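1. compute the structure for the input listed below.
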Amino acid sequence: MAMAYEEGSAGGASVAGKITFKGTPSAPKLFEFEKFPQPKYCSQADSDGKGHRVLKEVSVNNGALEDVVVYIENIEKGKPFNFNGTDVKANLCRFLIQGGPSTFVGLVEKKAESRVENTDADPSDPKTATGVLHNPHGYEVKGASRTTMFNKPLPEKGQVGKEKIMIRKKESVMKTECDQHG
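-> Have a look, this model is predicted:
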């Protein structure tokens, strides 16, 4: 891991770097579209062309890991951190983080809001013409332990689920999955 630290003005600083990866990344996870509701609609993105959604949990580009989180704690002074919550869009049966360098990994803050917007509707199917049902399920994860933080259906296009994030365990992360689509 190579990181650079640079002092900024008014007590602030920035961190930049490259997290390198050696070895062979794990194979992508495959999810069968036929097990999804709306398999034809959902297969418009991240498809291997053989009936599977492809999820790369480890992504390497020119030897550098992508979608990396750097965790810095015990900051005693510096510029204020202004955070307005996390925005996620359900798009073609995927949850995509908005406003950051990655759509796969994002930032959450304890007591801040997480918003998930359903942008999916399939006008070719009368059952989903007004919305493809998504069911965002947020977990707090630490090691093998998973605790539900929220679980709320979003059946209509344009509907937004809003939840206050309550992280309880030190060094845990939040994971959001759809209970309808893998």
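2. how much space between Asn151 and Pro37?
-> Asn151 is 17 Å from Pro37, where distance means CB to CB, to the nearest Å. No exception for glycine: its C-beta is placed from N, CA and C like everyone else's.
3. what about the strands in this structure?
-> Assigned by DSSP state E, the chain shows strands spanning 2-7, 13-18, 29-32, 52-55, 60-61, 64-65, 86-91, 94-97, 113-118, 136-142, 145-151, 160-164, 173-178.
4. which helices and strands sit right next to the fourth one?
-> This points to strand 52-55. strand 29-32 (3 or more CB pairs under 8 Å, 6 or more residues apart in numbering; DSSP states H and E).
5. CA atoms of the strand it packs on as PDB?
-> Output of strand 29-32 as PDB, limited to C-alpha atoms (Å, rounded to 0.1, in the frame of the first residue of the first chain):
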ATOM      1  CA  LYS A  29     -20.000 -14.200  -8.300                       C
ATOM      2  CA  LEU A  30     -22.800 -15.300 -10.700                       C
ATOM      3  CA  PHE A  31     -26.500 -15.000 -10.100                       C
ATOM      4  CA  GLU A  32     -29.000 -16.700 -12.400                       C
END
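6. in that strand, what's buried?
-> Phe31 (16 or more other CB atoms under 10 Å).
7. give the rounded mean pLDDT of that strand.
-> The pLDDT scores in strand 29-32 average 95.
8. can you spell out the domain ranges of this structure, please?
-> According to automatic domain parsing, the chain comprises the domains 1-21+62-82, 83-178.
9. thank you, goodbye.
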